[in-house]
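Visitor: let's see this in three dimensions:
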Amino acid sequence: MKRKILIIGNLGYIGTMLSDHIRSKYKKNYIIGYDSGIFKKCYFGKKIKKKTVDLQVFGDVRKFDYNILKDIEHVIYLAAVSNDPMGNKYIKPTLDINYKSAIKIAKISKDYKVKTFTFASSCSMYGYKNNLKNEKSKLFPLTPYAKSKIFAEKKLKMIATKKFRIFSLRFGTACGVSPRFRLDLVLNDFVTNAIVNKKIEILSRGDSWRPLIDVSDMCRAIEWSFVNNIKKNFIAVNVGHMKCNYQIRDLAFAVKKKLPKTKIYINKNNPPDKRSYKVDFKLYKKIAKNYLPKKNLNDSVKEMIKFVKKSKYSNKNFRNSSFIRLNYLKNLIDQNKLNKNLFTKN
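Guide: Coordinates of the predicted model:
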């Protein structure tokens, strides 16, 4: 079936993989990419040569051209200030991009008769406590990033109707290979550090819990959101697998298993990381049986090892590199290409 799909944030870590995933599975679809272009040059290794969108539009979601929504059937909203360090540094842009702009675009999408709106949400809204969290659990957001996702979900639920279905996908911590690779994700950090520096430094005590999901499985979940026949107006669902909850130190030792010469350093004297949550994925298993995650921890680690080695990445001080998104934003601000509200300068 031919669809007209708009991916907002198609040139980021996830969006780059998603547009390729949709193009490869649904060749006749018409895909429009909308992106600020801030991270378009953040290639890790070779650039993408093949065309994955039919039309690329550059723009800021805070100044969105709503005419783009004409004849669109499915909107996928990935645009975000995308982690806690960036959210803590840029609080206003985080709320404006992750929350307010998502709501405005959803409302206008509804007016344009869009059928589905997919919002990339986050399990980080569970915040802390190590008992298993499901979709009905009380939320404990600890950061502006997590709060922005909660605010957006609450408003989106009010907008949804049977003719405008909204899916809020609460993803765990992303990991895995993407042409626009990120080194500010915990497993990606560990794999790269093990290869480049032959060591893994855990900046906390390593006992906090996180659910992990490979970026390729995130793409499959997003695909599910616009092909399913669920009749509910609004669904917020934890996306992942019951076996994907790990303590941070477990991730380090999983990498060491594949790279035995790696030394692991755990800062046991540091206070615990309060961002700790184990997540229940039973609802997703029930409603998305054919779209459950395919990659386990070892699969992601093996694929990343091959990817990083092939890239010949050698920056031993990579935590200060441009592949850490917060650093990249700072560099653009220092170069006068971005202002402090993350608007691009012409």
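Visitor: am I right that residue 238 is in a strand?
Guide: Yes - looking at residue 238 with DSSP: H, G, I helix; E, B strand; the rest coil, it is inside a strand.
Visitor: got a list of what it touches?
Guide: Contacts here follow C-beta atoms under 8 Å, 6 or more residues apart in numbering; on that basis residue 238 touches 123, 133-135, 170, 172, 211, 279-281, 283-284. The way it works is simple: take the backbone N, C-alpha and C, and place the C-beta from them, glycine included.
Visitor: pLDDT below threshold where in the stretch 201-346 of the chain?
Guide: Scanning the stretch 201-346 of the chain for pLDDT under 70 picks out 346.
Visitor: ok so, going back, among the contacts of residue 238, which are in strands?
Guide: Judged by DSSP state E, the contacts of residue 238 include 133, 170, 211, 279 as members of strands.
Visitor: which of those residues are buried? Put it as a PyMOL command.
Guide: The PyMOL selection below is limited to those of the ones in strands among the contacts of residue 238 classed as buried (16 or more other C-beta atoms under 10 Å):
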select buried, resi 133+170+211+279
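Visitor: helices along the stretch 51-200 of the chain, start to end?
Guide: Assigned helices in the stretch 51-200 of the chain, in chain order: 84-89, 91-95, 101-111, 144-159, 186-196 (criterion: DSSP state H, counting those that start in this stretch).
Visitor: residue 271: neighbour count?
Guide: For residue 271, the neighbour count with other C-beta atoms under 10 Å is 8.
Visitor: and it, which of the three is it?
Guide: coil.
Visitor: can you tell me how far it sits from residue 251?
Guide: Counting by C-beta to C-beta, to the nearest Å, the gap from residue 271 to residue 251 is 20 Å.
Visitor: do residue 265 as well
Guide: Distance of residue 265 to residue 251, given as C-beta to C-beta: 14 Å.
Visitor: so for these two, which sits in the more crowded spot?
Guide: It is residue 251, of residue 265 and residue 251, that has more neighbours when counted by other C-beta under 10 Å, with 25 against 12.
Visitor: excluding its backbone neighbours, what's nearest the more buried one?
Guide: Excluding the flanking residues, the one nearest residue 251 by C-beta to C-beta, 6 or more residues apart in numbering is residue 187, at 5.4 Å.
Visitor: for the one you found, give me its contacts.
Guide: Counting by C-beta under 8 Å, 6+ apart, residue 187 has contacts 173, 175-176, 212, 251, 255, 297, 300-301, 304.
Visitor: could those go into a markdown table alongside distance to residue 341?
Guide: Listed next are these as a markdown table, based on distance: C-beta to C-beta, whole Å:
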| residue | distance to residue 341 |
| --- | --- |
| 173 | 27 |
| 175 | 30 |
| 176 | 31 |
| 212 | 32 |
| 251 | 34 |
| 255 | 37 |
| 297 | 38 |
| 300 | 35 |
| 301 | 37 |
| 304 | 33 |
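Visitor: how far does the helix or strand hosting residue 308 sit from its chain's centre?
Guide: Following DSSP states H and E, one finds residue 308 within helix 297-311. Helix 297-311 sits 19 Å away from the centroid of its parent chain (C-alpha atoms, centre = their mean, to the nearest Å).
Visitor: list the buried residues for it?
Guide: Buried positions in helix 297-311, judged by neighbour count with 16+ other C-beta under 10 Å: 297, 300-301, 303-305, 307-308.
Visitor: which residues does it contact?
Guide: Helix 297-311 is contacted by residues 44-45, 175-177, 181, 187-188, 191-192, 195-196, 212, 214, 244, 246, 251, 254-255, 257-259, 295 when judged by C-beta under 8 Å, 6+ apart.
Visitor: one more time with 10 Å, if that's ok
Guide: With contact meaning C-beta atoms under 10 Å, 6 or more residues apart in numbering, helix 297-311 is reached by 43-46, 175-179, 181, 183, 187-188, 190-196, 212-217, 243-244, 246, 250-251, 254-259, 293, 295, 313.
Visitor: circling back: and which of the ones in strands among the contacts of residue 238 is nearest to residue 92?
Guide: residue 170 (23.8 Å; C-beta to C-beta).
Visitor: hey, where'd the strands end up in the stretch 1-150 of the chain?
Guide: For the stretch 1-150 of the chain, the strands defined by DSSP state E, counting those that start in this stretch occupy 4-8, 30-35, 55-58, 74-77, 116-122, 132-133.
Visitor: next up, the contacts around residue 280.
Guide: By C-beta under 10 Å, 6+ apart, residue 280 lies in contact with 131-137, 211, 238, 240, 242, 245.
Visitor: dump the residues you listed to CSV, plus distance to residue 202.
Guide: CSV is the format used below for the contacts of residue 280 (distance: C-beta to C-beta, whole Å):
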residue, distance to residue 202
131, 23
132, 24
133, 23
134, 28
135, 30
136, 32
137, 27
211, 18
238, 25
240, 22
242, 24
245, 17
